[in-house]
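Student: Next comes the sequence, and after it the predicted model I'd like to discuss.
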Amino acid sequence: MFSLTKTIWPILVTASGVLSLTLNAPTTAQSGSSTTITWTSTSTDPTFSIELAHPDLNAAIAVANNVNPANNQITVTLPIVQAGDGYTLEAVNITDINQVFSTSGDFSIAAAPSPSPSSSTPIASAPPSAPISVASVPLTPSGVSGSLPASSLSVPSPSV
Ligand SMILES: *[C@@H]1O[C@H](CO)[C@@H](O)[C@H](O)[C@H]1NC(C)=O
């Protein structure tokens, strides 16, 4: 069973040449929002482009072009895409996107913060709507943990 691994390794190394680029999956990603992509590199890595890929997408979507590998990170605005998991990032040859230098692990993209922003530059984080209204009438004194004065907790005693 180890022979398979031994056979495949040299092929992968040959196909990717001297590249050592390793692209990481973003820790948080939200459709249409800015996210930071990180990777590790060595001085021999070429300038590359970053594509967002998903099995449901017909084609990968470019999120960054002509990236300097030495930066080891870049902050990009993700395109508006359907929320879900199974997304990957690909570091690709800047002139041939079919030559993939590195693919990140799978990650999920959360839904856009507000109902479909019409531009590609979404308005910065609107708060997630309606403040939660705390019940204005305490139901039972025992349900309140003592921060209110006892006088405000007047609950009519059940009259028998
Ligand atoms: C990128 O692709 C072009 C065209 O196939 C090729 O000439 C070039 O060597 C590739 N670059 C790297 C870094 O592999």
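Tutor: That came in fine, so what should we check first? Numbers count the residues shown, from 1 in each chain.

Student: Point me to the helix or strand that includes Ala112.
Tutor: Assigned by DSSP states H and E, Ala112 falls within no helix or strand.

Student: burial count for it?
Tutor: 17 (other CB atoms under 10 Å). For glycine as for every other residue, the C-beta is placed from the backbone atoms N, C-alpha and C.

Student: I figured it hits Ser33, correct?
Tutor: Yes: the pair formed by Ala112 and Ser33 meets the contact definition of CB atoms under 8 Å, at 7.2 Å.

Student: Poorly predicted segments of this structure, please.
Tutor: Along the chain, the model assigns pLDDT under 70 to residues 1-18, 115-160.

Student: Get me the contact residues on it for the ligand.
Tutor: The chain comes close to the ligand at residues Pro46, Asn93, Thr95, Asp96, Gln99, as judged by CB under 6 Å from any ligand atom.

Student: now with 8 Å?
Tutor: Proximity of the chain to the ligand (CB under 8 Å from any ligand atom) is limited to residues Gly17, Leu19, Pro46, Thr47, Phe48, Asn93, Ile94, Thr95, Asp96, Gln99, Phe101.

Student: part of a strand, is Thr38?
Tutor: Yes: under DSSP: H, G, I helix; E, B strand; the rest coil, Thr38 falls within a strand.
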